[in-house]
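Trainee: model this:
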Amino acid sequence: MTPDSVGPFSRPILVERTLKAGQPVTVEANDEERAALARDFGLPGIARLTGIFRLSGSLHRLQVTGTVEAALTQTCVVTLEPFDGTVSEEVDVDFADQDAFAGTPAEDADIPDPIVNGRIDLGSLTAEFLALGLDPYPRKPGVAFEPPAEDEEEKPFAALQGLKGQGAGTRGAGGHGNEGGGG
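Mentor: Presented below is the predicted three-dimensional model:
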């Protein structure tokens, strides 16, 4: 949760206060945040975006579980028409004090996300799991990609094959262009 990483949807929470309360935390994006996220993700629109999270563990080592749900509009990759859909992603992320893993190689995939100044950002987590849940090639329900029928005329090198036959006669005629007019 560094200032550089905060996107258009940010809901920093105090870990200590949230753990003591022991209740699930719900974050919802407002109109402006949903519009900004839609632009960032190349979507026509996001009608609803909600994250419901449960925190367990300690102030130094934390597990966040829950669900991110969204109602959104995507563009079909086949028809290029907008259509409405939903995303529902399960969340299970570990957090730890950012000092706990100082000096650990960045390639280590098991490093938990950092708890920064006693806070985590559930808005950023919601946006991240929305992005993970998006289909990179969305299709309108009932639409299937049909490749164009391949006939003799549409083969990739058919046009070149036709030129090959024409080129031999043209090349021969071009070499003899000065024969009849010389005198």
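Trainee: The nearest residue to Phe145 once chain neighbours are set aside: what secondary structure?
Mentor: Nearest non-adjacent residue to Phe145, counting by C-beta to C-beta, 6 or more residues apart in numbering: Val78, 5.2 Å away. Heads up, the C-betas are built off the backbone N, CA and C, glycines and all. The three-state label given to Val78 by DSSP: H, G, I helix; E, B strand; the rest coil is coil.
Trainee: tally of neighbours for Val78?
Mentor: Applying other C-beta atoms under 10 Å, we find 13 other residues in the vicinity of Val78.
Trainee: That one is in contact with Arg139, isn't it?
Mentor: Yes - in this structure, Val78 is within contact of Arg139 by C-beta atoms under 8 Å, at 5.7 Å.
Trainee: ok, now which ones touch the residue nearest to Cys76 when sequence neighbours are not counted?
Mentor: Leaving aside its chain neighbours, Cys76 sits nearest to Lys140 (4.0 Å; criterion: C-beta to C-beta, 6+ apart). Lys140 sits next to Cys76, Val78, Thr79, Glu81, Phe83 when contact means C-beta atoms under 8 Å, 6 or more residues apart in numbering.
Trainee: Could you rerun that using 10 Å?
Mentor: Residues in contact with Lys140 (C-beta atoms under 10 Å, 6 or more residues apart in numbering) are Gln74, Thr75, Cys76, Val77, Val78, Thr79, Leu80, Glu81, Pro82, Phe83, Asp84, Gly85.
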